[in-house]
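**Q** starting from these lines, generate the structure:
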Amino acid sequence: MLGALTGDIVGSIYEWSNIKTTEFPLFQESCRFTDDTVLTVALAEAIMSGAPYAAVMRRYYRSYPEAGYGKNFTRWAASKEAAPYQSWGNGAAMRIAPAAWAFDSLEEVLRKAEEFTLPTHGHPEGVRGAQAAAAAVYLGRTGATKEEMRSFITGRFGYDLTKSCDEIRPGYRFDVSCQGTVPQALAAFFDSEDFESALRLAVSLGGDSDTLACITGGIAQAYYGGVPVHIAQEALRFLDEPLRRVTLLFEARFVEGRSVRG
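**A** Alright, predicted model coming up:
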C-alpha cells in the first residue's frame, strides 16, 4: 500500500506539467499527497475497521476537501444519498491496492475489488480497471513472474500489454479513464528493474502522472518485496499524522512479511 502512496506523491507535481524523461528528482518540497492517497488510506481504514467503504470515503472527503477529487466524485461525496455515478475513471484503480493485501486468494481479491469499486464506479470499465490493478498487486506479492502476471491480466481483462514504455511515451496524452491508464501503469511496472525505476517510468509517460505512478507503485511494492527504506521514509514525511497512522497500522497488519520476495 505504501508503494501506491509513494507513487502518488512522486507524480503529484507532474500531473499538469508532464515530463517525458526518467531523469528527475524523486521528491521535491512541492510534492504532496492527492486524492489518490486519501482514498487509498480510506480503503485501508475501512478494511481494518469493517466500516462501509462509502461512509469512510465520505468522511475522508470532508477531512481532505482540497485533495484534488474529480467533479463527479465531489458531488457524490458531498451527498449522503448519491448512487454510483457509472464512472469508468482511473480512480477505481488508484485506490484499490489495500484489497490485494488484505485477502488471501485471487478470487476473493477480485470480488472485494468489485465490492469496493461499486459505491462510485458503476461502469464495467471502472470495475475492470480496479480488478486488474488489484490482481497485479496480489500476483506480485504471491510470487508470480512478470510473464505470468501479463498473461493473466491479458486473458482475464483483455488489456493490450504488448507495448513498452518507449512505444507508449511519444503519443501518450492525459487520460483519466481506466482503459487509458491501467495498461500504461502496468507497462511501467513490466519495464522496470526495481521499485524506483517503476515510478520513474510511470511518471515519464506523462498523462495523469500521479495516478499512473500510484497504480504502478502499488504493484512494484508487491513484486519487489517492499518500498526501499530511504524512499519509504521520505514518502511518509509528506503525510499528515492521521494518514501516516492508518498507513503504518495497515502495513504492519497486512503487508509486512506477506510478499514472498520481501
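
**Q** neighbours around the closest residue to residue 146 other than its chain neighbours, how many?
**A** Once flanking residues are discounted, residue 146 sits nearest to residue 190: 5.6 Å by CB to CB, 6 or more residues apart in numbering. Where C-beta positions appear, they are placed from N, C-alpha and C, glycine not excepted. Residue 190: 21 surrounding residues under other CB atoms under 10 Å.

**Q** okay, the closest residue in space to residue 221 that isn't next to it in sequence and residue 19: tell me how far apart.
**A** Leaving aside its chain neighbours, residue 221 sits nearest to residue 3 (2.6 Å; criterion: CB to CB, 6+ apart). According to CB to CB, to the nearest Å, residue 3 and residue 19 sit 21 Å apart.

**Q** what's the answer for residue 80, then?
**A** Distance, residue 80 to residue 19, by CB to CB: 41 Å.

**Q** which one of these two has more residues nearby?
**A** Remark: of residue 80 and residue 19, residue 19 carries more neighbours, 14 against 8, as counted by other CB under 10 Å.

**Q** run through the residues that contact that one.
**A** Applying CB atoms under 8 Å, 6 or more residues apart in numbering, we find residue 19 in contact with 203-204, 206.

**Q** which one of the residues you listed sits closest to residue 247?
**A** Out of the contacts of residue 19, the one with the shortest distance to residue 247 is residue 203. That distance is 21.2 Å, counting by CB to CB.

**Q** thought that closest one was touching residue 214?
**A** No: contact criterion CB atoms under 8 Å: residue 203 and residue 214 do not qualify, at 10.7 Å.

**Q** tell me which of these two has more neighbours.
**A** residue 214 (35 against 29).

**Q** wait, a strand at that one?
**A** No: read with DSSP: H, G, I helix; E, B strand; the rest coil, residue 214 is helix and lies in no strand.

**Q** helix, strand or coil for the residue nearest to residue 146?
**A** For residue 190, the secondary structure call by three-state DSSP comes out as helix.

**Q** pLDDT score assigned to it?
**A** pLDDT for residue 190: 98.

**Q** try residue 3
**A** On the pLDDT scale, residue 3 gets 98.

**Q** from residue 250, how far out is the residue nearest to residue 221?
**A** Computed as CB to CB, the residue 3 to residue 250 distance reads 12 Å.

**Q** between these two, which one's more packed in?
**A** The neighbour comparison of residue 3 against residue 250 (other CB under 10 Å) goes to residue 3, with 31 against 23.

**Q** the more buried one reaches residue 217, doesn't it?
**A** Yes: the pair residue 3 and residue 217 qualifies as a contact (CB under 8 Å) at a distance of 4.1 Å.
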